[in-house]
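In: sequence unknown, structure follows:
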């Protein structure tokens, strides 16, 4: 089932851009969960959580900058620590992802 969801998600241009890197799908899952749960996880912690096909830190930061420039993600200052920068997916993208996940969940149970 996850394969169908993955293909459906890749049809979204912004997700396709995130997944253009070897660690992209893992990054998408991390940032999606951080956005959905409003967790206080910074950029450095997100980078450290990547387990597979991780790039060098400067290349990762450049990729994050590119995603931010395209409006796919945004940076927010942590409420608990002003020096910590949080990554969030944009609201429209979150809506699109949730629609796909919800539709596929409904199809699973019917």
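Out: Looks like it came in fine. What you are looking at is a predicted structure, and each value in this text was computed from that prediction instead of being measured.

In: pLDDT score for the residue nearest to the spatial centre of the chain?
Out: The geometric centre of the chain, computed from its C-alpha atoms, lies nearest to residue 28 (Cα atoms, centre = their mean), at 2.8 Å. What the model reports for residue 28 is a pLDDT of 97.

In: just residue 82 next, same as before
Out: Model confidence at residue 82, given as pLDDT, is 93.

In: list the contacts of it.
Out: The contact partners of residue 82, taken as Cβ atoms under 8 Å, 6 or more residues apart in numbering, number zero. Using the backbone N, CA and C atoms, a C-beta is placed for each residue, glycine as well.

In: distance of it from residue 42?
Out: Here residue 82 is placed at a distance of 11 Å from residue 42 (Cβ to Cβ, to the nearest Å).

In: nearest spatial neighbour of residue 42, chain-adjacent residues omitted?
Out: When the adjacent residues along the chain are set aside, residue 42 lies closest to residue 84, with 4.1 Å between them (Cβ to Cβ, 6 or more residues apart in numbering).

In: how far away is that neighbour from residue 52?
Out: When residue 84 is compared with residue 52 (using Cβ to Cβ), they lie 24 Å apart.

In: looking at these two, which one has more neighbours?
Out: Counted by other Cβ atoms under 10 Å, residue 84 and residue 52 do not tie: residue 84 has more neighbours, with 16 against 8.

In: ok, now which ones touch residue 30?
Out: Counting by Cβ under 8 Å, 6+ apart, the residues that residue 30 touches are 41, 46, 49, 50.
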